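Novice: what's the 3D shape of this:
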Amino acid sequence: MRSALGRAAVSVYAFLTAWILASYFFHYPIPEFTAKFLSLAAAAWLAYALHSIGALLVWFAGWLVPIGWVDELGPWNARLFRSMAGFAAVTFVAAAFGMAGPGPYLVQLRVLFGFVVVAALAGHVVGSKQKAPAPRVGSAVSLAFMALPAAGMAAAFLSSFGPITHYDSLVYHLALPALYLREGRIASIPFNLYSAFPGGCETLYAFIMASLPEPEYVINLLGWALALVLGGAAAEWSGELGGKRARSFSTALWWTTPAVLLLCQGGYVELPLAAATFLALRAFAAADGRAHAGAAMLFSGLFGGLALSIKYTGAITIVLLGAAAAVRLMRGPRAQRHALAFAGAAAVTPAPWLIKNAFSFGNPVFPFLYQWSGAAPGWAGETASRYFSMLTEYGARSNLLTDLLLLDPSSRGGFDVLGDFGWPLLLVGAVPALFL
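Specialist: Here you go, the predicted structure:
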């Protein structure tokens, strides 16, 4: 009896000691990395949940339109396609809930978390029945060539565990979700003009803040994961167009570009914007002369609209692809139906944000064209005027022709080329790139 009681006491003592030591090490780790395992697991779960929800949506879409072409794009492209489809679904519902749903926004997002869990499980079941090929890494030669980009990839991953201190995130990308949670709804906020901008990413950040631990690290890690998949998808398409050398070169350029290493961290929205634009272009290219052209144009429009719901500059994606779709109209009635499908789909995902601005300011694209939004309150017009005056003071321009003519001065400003200055560089560079 005594020995059995003694063993039980020692077991209880050992368990409590181990528990205390584990708790101490978790909260005061050496070298302060183990405490991040929880946020790493949360980010991995959310990335997989978005992909599973996207797989479920693609499966549903397969009952309505041809969808097999998605896997023909390649494993990296198919993974990005499903992940961004899940991103679009979650952010659209989160935005609709926050603008028109009953109850406080925090409660709505936690209810949405339950739906995301159920939908992710359903998507996992559906995805497990699909024989999608695994993404390819490359040959030994290409892996040796990847030494430098691998270092960039590792550095970006480790920097994901640092706090977010970027000005844009503190006053905009992370401030807005916190304000929405505090206000209990998504609404236009008088002292923050950024609340008039589309907030596709910000609604996902609000979802993360309301549901997951260590939200800033989860946001960073999610951005790194998106950079990984988007870089793989771009390299895959490059390999399809130019062979294995183009694939390796594309990956090397991607992971050694300072813009990628910066913008996959800190709550910036440019990587999701780039992913939505890439998929819109990829689907548009897949529609050319194919039997599944109608479905591809539909998804091209959806991803183009997603780009606009993330950032106003995403409208450039819709305008350029819409112009290309208009050129195709001469091919006959079928091309006309495809162009209508593109236009209609492009209006879906940004609709909540445009409707909110129409009700709040009398102008769906406020603060742009603020001079003509007579129904806007006085503070809104004054704030918009100061905003554009600030851009002018810092040397920003809105004239694309001027940017094209002054390409060299406007493209050598370091990270400035990521904003409006970057579009002329991309437009000019895209033409010769098609012939290389």
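Novice: which residues does stretch 103-118 contact?
Specialist: 49, 53, 90, 93-94, 97-98, 101-102, 180-181, 183-186, 206-207, 210-211 (C-beta atoms under 8 Å, 6 or more residues apart in numbering). Every residue, glycine included, has its C-beta placed from N, CA and C.
Novice: so of the residues you listed, which ones are in strands?
Specialist: Within these, no residue falls in strands by DSSP state E.
Novice: average pLDDT for stretch 16-25?
Specialist: Averaging pLDDT along stretch 16-25 gives 72.
Novice: heads up, I number from 317, so please use that
Specialist: Okay, residue one is now 317; in that scheme the one you just asked about reads as stretch 332-341.
Novice: in that stretch, what counts as buried?
Specialist: Neighbour counts over stretch 332-341 (16 or more other C-beta atoms under 10 Å) mark no residue as buried.
Novice: please compute how far that stretch lies from its chain's middle.
Specialist: 39 Å (C-alpha atoms, centre = their mean, to the nearest Å).
Novice: same deal with stretch 642-653?
Specialist: Centroid separation between stretch 642-653 and its chain, computed with C-alpha atoms, centre = their mean, is 31 Å.
Novice: pull out the buried residues from that stretch.
Specialist: 644, 651.
Novice: looks like His482 contacts Tyr584 (just checking).
Specialist: Yes: His482 is in contact with Tyr584 according to C-beta atoms under 8 Å; the separation is 7.1 Å.
Novice: neighbour count: the two, which is higher?
Specialist: Tyr584 (22 against 16; other C-beta atoms under 10 Å).
Novice: what separates that one from Met613, distance-wise?
Specialist: 30 Å (C-beta to C-beta, to the nearest Å).
Novice: quick one: buried residues of stretch 409-418?
Specialist: Buried residues in stretch 409-418, defined by neighbour count with 16+ other C-beta under 10 Å: 409-415, 417.
Novice: among the residues you listed, show me the least confident.
Specialist: Within those, pLDDT reaches its minimum at Gly417, with 77.
Novice: relative to Pro668, how far out is that one?
Specialist: Using C-beta to C-beta, Gly417 is found at 11 Å from Pro668.
Novice: and the furthest pair within the buried residues of stretch 409-418?
Specialist: Greatest spacing in those, by C-beta to C-beta: Val409 and Met415 (11.0 Å).
Novice: so which strand or helix has Ala363?
Specialist: According to DSSP states H and E, Ala363 maps onto helix 353-377.
Novice: give me the next element, helix or strand, following that helix.
Specialist: On the C-terminal side of helix 353-377, the nearest following helix or strand under DSSP H and E is helix 385-388.
Novice: so for that next one, mean pLDDT?
Specialist: Helix 385-388 shows a mean pLDDT of 85.
Novice: tell me what it is packed against?
Specialist: Helix 385-388 sits against helix 391-416, with contacts defined as 3 or more C-beta pairs under 8 Å, 6 or more residues apart in numbering; DSSP states H and E.
Novice: roughly how far does Ala591 sit from Ala512?
Specialist: Counting by C-beta to C-beta, the separation of Ala591 from Ala512 is 24 Å.
Novice: can you check Ala607 too?
Specialist: Ala607 sits 42 Å away from Ala512 when distances are taken as C-beta to C-beta.
Novice: in terms of neighbours, single out the busier of these two.
Specialist: Using other C-beta under 10 Å, the more surrounded residue of Ala607 and Ala512 is Ala512, with 26 against 9.
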